[in-house]
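> give me the fold of what follows.
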Amino acid sequence: MGKMFEQREHCYTARDAYFTCIDKPENYGRDDRCVSLERKYEEYCPESWRKYFQQQKDRENLVAIEAGERR
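Residues are numbered from 1 along each chain as shown. I've put the predicted structure just below:
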């Protein structure tokens, strides 16, 4: 596979690990628990991608809140 594919895979893996960490109920309000994952996410994913991923996550959270699935 090409270098771009590998970079994208690293980004997606880092994003998924970070989002999984911050979504755990025991980590709400505890930013210190996910710092190392956040740093990898910032290292592997371009800023424009992170902005897009955050917008996606915000939309998904809003839909979940409206459906009564999140606190």
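
> can we go C-alpha only for contacts and neighbour counts from here?
Fine.

> point out where the protein drops to low pLDDT.
Counting by pLDDT under 70, the low-confidence segments of the chain come to 1, 69-71.

> which residue is nearest the centroid of it?
Against the mean C-alpha coordinate of the chain, by C-alpha atoms, centre = their mean, the closest residue is Phe19 at 3.4 Å.

> name the helices or strands packed onto the host helix or strand of it?
Counting by DSSP states H and E, the secondary-structure element that holds Phe19 is helix 3-23. Contacting helix 3-23 under the criterion 3 or more C-alpha pairs under 8 Å, 6 or more residues apart in numbering; DSSP states H and E are the following elements: helix 35-44.

> for the helix it packs on, which positions count as buried?
Of the residues in helix 35-44, those with enough neighbours to count as buried (16 or more other C-alpha atoms under 10 Å) are 37-38, 40-42, 44.

> in JSON lines: these, plus distance to Glu6.
As requested, the buried residues of helix 35-44 are arranged in JSON lines below (distance: C-alpha to C-alpha, whole Å):
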{"residue": "Leu37", "distance to Glu6": "18"}
{"residue": "Glu38", "distance to Glu6": "19"}
{"residue": "Lys40", "distance to Glu6": "15"}
{"residue": "Tyr41", "distance to Glu6": "14"}
{"residue": "Glu42", "distance to Glu6": "16"}
{"residue": "Tyr44", "distance to Glu6": "10"}
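
> picking that back up, and the helix holding Phe19, how far out from the chain's middle?
A distance of 8 Å separates the C-alpha centroid of helix 3-23 from that of its chain, computed with C-alpha atoms, centre = their mean, to the nearest Å.

> and it with helix 35-44, angle?
Angular relation of helix 3-23 and helix 35-44 on a 0 to 180 degree scale: 150 degrees, by axes from the mean of the first three to the mean of the last three C-alpha atoms, to 10 degrees.

> kindly export helix 3-23 (C-alpha atoms) in CSV.
Taking Å, rounded to 0.1, in the frame of the first residue of the first chain, the C-alpha atoms of helix 3-23 are listed here in CSV:
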residue,chain,number,x,y,z
LYS,A,3,2.3,6.0,2.0
MET,A,4,-0.9,8.1,1.9
PHE,A,5,-2.9,5.0,2.7
GLU,A,6,-0.7,4.3,5.7
GLN,A,7,-1.0,7.8,6.9
ARG,A,8,-4.8,7.7,6.6
GLU,A,9,-4.9,4.4,8.5
HIS,A,10,-2.8,5.8,11.3
CYS,A,11,-5.1,8.8,11.5
TYR,A,12,-8.2,6.7,11.6
THR,A,13,-6.8,4.4,14.3
ALA,A,14,-5.7,7.4,16.4
ARG,A,15,-9.1,9.1,16.0
ASP,A,16,-11.0,6.0,17.0
ALA,A,17,-8.9,5.4,20.0
TYR,A,18,-9.2,9.0,21.2
PHE,A,19,-12.9,9.2,20.6
THR,A,20,-13.5,5.9,22.4
CYS,A,21,-11.6,7.2,25.4
ILE,A,22,-13.4,10.5,25.6
ASP,A,23,-16.8,8.7,25.1
